[in-house]
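Asker: Sequence and predicted structure, then a few things I'm wondering about:
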Amino acid sequence: MLIGLVIRDVVLADSLDLAFGPGLTVLTGETGAGKSVILDALGLALGARGDAGLVRRGAPQASAAAVFAPAPDHPVWDQLEDKGLAFDRGEDLVLRRLIGADGRSRAFINDQATGVAALRETGELLVQVHGQHDAVGLLDAKSHRPLLDAFGGLEAYACAAAWRAWRAAAERLDAVRAAAAAGAAEREVLAERLVELDRLAPREGEEARLAEERALLGAAERALAEIAAAREALGPDTLSARLGQAFRALGRARERALAAGVDPDGEAPQRLTAAAEAVDRTLIEAGEAAAAIDAAVASFDLEPGRLEAAEERLFALRAAARRLGVAVDDLPTARADLAARLAAIDEAEDTLAEAKLETAAARAAWDTAAATLTAGRRAAAERLAAAVRSELEPLHLAKARFRVAVEPLPESRQGPAGADRVEFEIATIAGAPFAPLSSVASGGELSRLSLAIEASLAAERRPLMIFDEVDQGVGGAVADAVGQRLARLAVGGQIVVVTHSPQVAARADAHFQVRRAAERTRVEPLQGSAREEEIARMLSGETVTEAARAAARALMAA
């Protein structure tokens, strides 16, 4: 509910503080008094276009602040939360706008600086303005579908849930398709790597064992090489052969000495014998040394090619680990991962087929939900159109034709709210085609048409609405019909009307007179006899007669 409007230096209004209550509030006054200034100021606070022309001459800036008291569950609070603005659901909401003499504009919500667009979006949730100066709400075709759904008692929850399920299934299908395509491209590489790992059959901790074995075998081979060199030195072509030659030479020398008549027991034969015996012992020990060396070689038990085999396996494991980008010890795990990835790729066709079935089923469910919602909307559209048409003739719009168009949206624009474009359309001239509400040229006609629609929707909503000269160009019974519908709309809600019709003014719960004094706009609340006098003036013109006063009393009592 709008509870206050504070205006400073807007056109002719230098300082106005207006308080509003529930029900029907009317603003009356002579032409040129400044009634439009009130709506201009309200529009400014609601984020309408503003320029330096709104600033009162000589003032540095114009300001307008609209004070609202939304219910705690009003959707405006959620919007403010989305915008990151601070608020308290139990307090008033203030929309304020400043326009400088240089045309620069600033906007505030609860004294927090914001953009004009945010101010306008917030105002659209709070107020509907109908008339020749501005139109928010019914002229915006985006509001027609939710209005029709509310009128028909239609819930889009099932359709929205089906849409979300379908989109989730479609996203999963896309992911499965992408995975299948990527898997097919890498399957050959994965298979080759798996075959390689299966051939290698890596075991946990094998790298450390092979490295240790390689070190031991390398040391053993180097030792055997040294032993072989020692054995070669003792072989038949070296020490043993020379010792044999020396032993035989000593034997021949002793025999020649004895043949020459040397005493066998003499010193020379005895020394030759001792030398031969020493060489013989050395030959025996050399044979024993060679046997010991052969035994040492046998004790190593080194298989031929064992070191080469160990090195080849170690190098193969490390090469495979480099290609896979893992440690050698992680090769068994990598092998399991490769097998799992190949299995997933092999199962991709089944998964893809399953995802396709799920997506098709989800799409069918959404199609059904959307079709059900469309059928409900078309039925509700007929009822709403009939209700609006019944309101047109009393409002002096008998030649107008109204319909609610429910047409399919392009598939790219369908969504959780269904598959329908909903728009209120009007034809005000006989034989003319239907067109959007915004095509109505007359401000008065547009206001009365909006009133007819709002009156038809009244059972479903109790909004705050502003009507600017909804009674323009009509009088008598038509003006009375306008007054009746405004009063009906105001029950449980709030309607503010700028009017020249006494029939409308007489039905008001609150009445403000707008007048011009000393080039200033002034607003005065009217009650009792003052209100009666204003309605009588509206009936009779400049000279108020007793008959006009009596007629005013009759209207107010009706």
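Answerer: Happy to help now that I have it.

Asker: mean confidence score for the helix or strand hosting A360?
Answerer: Per DSSP states H and E, A360 falls inside helix 331-392. Mean pLDDT, helix 331-392: 88.

Asker: Show me which positions of stretch 13-22 end up buried.
Answerer: Judged by neighbour count (16 or more other C-beta atoms under 10 Å), stretch 13-22 contains these buried residues: 13-14, 16, 18, 20, 22. To be clear about C-beta, it is placed using only N, CA and C from the backbone, and glycine gets the same treatment.

Asker: Just the ones of those in strands?
Answerer: 13-14, 16, 18 (DSSP state E).

Asker: could you dump these to JSON lines with pLDDT and distance to A191?
Answerer: Output for those, formatted as JSON lines (pLDDT from 0 to 100; distance: C-beta to C-beta, whole Å):
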{"residue": "A13", "pLDDT": "88", "distance to A191": "84"}
{"residue": "D14", "pLDDT": "89", "distance to A191": "87"}
{"residue": "L16", "pLDDT": "91", "distance to A191": "84"}
{"residue": "L18", "pLDDT": "93", "distance to A191": "82"}
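
Asker: From the buried residues of stretch 13-22, pick the one nearest L80.
Answerer: Using C-beta to C-beta, F20 comes nearest to L80 of the buried residues of stretch 13-22, at 21.5 Å.

Asker: which ones are touching the nearest residue to that closest one once chain neighbours are set aside?
Answerer: With C-beta to C-beta, 6 or more residues apart in numbering as the criterion, F20 has its nearest non-adjacent residue at 5.0 Å, and that residue is L2. Going by C-beta atoms under 8 Å, 6 or more residues apart in numbering, L2 touches 20, 66-68, 126-127, 464, 494, 496.

Asker: Identify the bridge partners of L2.
Answerer: F68 (DSSP bridges).

Asker: so how far is V94 from it?
Answerer: 11 Å (C-beta to C-beta, to the nearest Å).

Asker: list residues touching both of these two?
Answerer: Shared contacts of L2 and V94, counting by C-beta under 8 Å, 6+ apart, come down to 66-68.

Asker: Dump these to JSON lines, plus distance to L449.
Answerer: Formatted as JSON lines, those follow (distance: C-beta to C-beta, whole Å):
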{"residue": "A66", "distance to L449": "26"}
{"residue": "V67", "distance to L449": "30"}
{"residue": "F68", "distance to L449": "26"}
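
Asker: Name the member of these with the most neighbours.
Answerer: A66 (27 neighbours; other C-beta atoms under 10 Å).

Asker: quick revisit: show the pLDDT at the residue nearest to F20.
Answerer: L2 is given a pLDDT of 93.

Asker: same deal with R214?
Answerer: 66.

Asker: where do the helices sit along the stretch 1-150 of the chain?
Answerer: 35-45, 75-82, 116-126, 144-152 (DSSP state H, counting those that start in this stretch).

Asker: So which of these is nearest L526?
Answerer: helix 35-45 (14.0 Å).

Asker: if we can go back for a sec, next structured bit after the helix holding A360?
Answerer: strand 401-408.

Asker: average pLDDT for that next one?
Answerer: Here the average pLDDT along strand 401-408 is 94.

Asker: which residues are in contact with that strand?
Answerer: Counting by C-beta under 8 Å, 6+ apart, 144, 148, 374, 377-378, 380-382, 384-385, 388-389, 392, 419-427, 434, 449, 452-453 sit against strand 401-408.

Asker: buried stuff in it?
Answerer: Buried, per 16+ other C-beta under 10 Å, within strand 401-408: 401-406.

Asker: how far away is A380 from L138?
Answerer: Distance from A380 to L138, by C-beta to C-beta: 16 Å.

Asker: Likewise for A160?
Answerer: A160 is 24 Å from L138, by C-beta to C-beta.

Asker: Mind checking which of those two has more residues around it?
Answerer: Set A160 next to L138 and count neighbours by other C-beta under 10 Å: L138 wins out with 22 against 17.

Asker: that older thread, okay, the helices of the stretch 1-150 of the chain, which one's buried deepest?
Answerer: helix 35-45 (a mean of 25; mean count of other C-beta atoms under 10 Å).

Asker: Now A162: which helix or strand?
Answerer: Going by DSSP H and E, A162 is part of helix 157-200.

Asker: re earlier: need the ones in strands among the buried residues of stretch 13-22 in CSV (columns: distance to V326).
Answerer: CSV is the format used below for those (distance: C-beta to C-beta, whole Å):
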residue, distance to V326
A13, 79
D14, 82
L16, 79
L18, 78
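
Asker: Farthest pair within the residues you listed?
Answerer: D14 and L18 (13.9 Å).

Asker: In TSV: the buried residues of strand 401-408, plus distance to H511.
Answerer: Formatted as TSV, these follow (distance: C-beta to C-beta, whole Å):
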residue	distance to H511
R401	35
F402	32
R403	37
V404	35
A405	39
V406	41
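
Asker: Out of those, which comes closest to A360?
Answerer: V406 (26.7 Å).

Asker: Determine the three-state secondary structure at the residue of the chain most remote from its centre.
Answerer: Distance from the C-alpha centroid of the chain peaks at G261, with 127.2 Å (C-alpha atoms, centre = their mean). On the three-state scheme (DSSP: H, G, I helix; E, B strand; the rest coil), G261 is labelled coil.

Asker: wait, isn't A162 in contact with A365?
Answerer: Yes. Assessed by C-beta atoms under 8 Å, A162 is found in contact with A365 at 4.8 Å.

Asker: The two: which is more packed in?
Answerer: Neighbour count, other C-beta under 10 Å: between A162 and A365, A162 has more, with 22 against 18.

Asker: list the contacts for that one?
Answerer: A162 touches 362, 365-366, 368-370, counting by C-beta under 8 Å, 6+ apart.

Asker: Can you tell me, leaving aside adjacent residues, what's nearest to L250?
Answerer: Here the residue nearest L250, using C-beta to C-beta, 6+ apart, is A276, at 4.0 Å.

Asker: Give me the neighbour count for that neighbour.
Answerer: If we define neighbours as other C-beta under 10 Å, then A276 has 18 of them.

Asker: and it, which of the three is it?
Answerer: helix.

Asker: repeat for the one 4 residues further on
Answerer: Counting by three-state DSSP, the backbone at D280 sits in helix.

Asker: Skip the chain neighbours and tell me the closest residue to it.
Answerer: F247 (5.6 Å).
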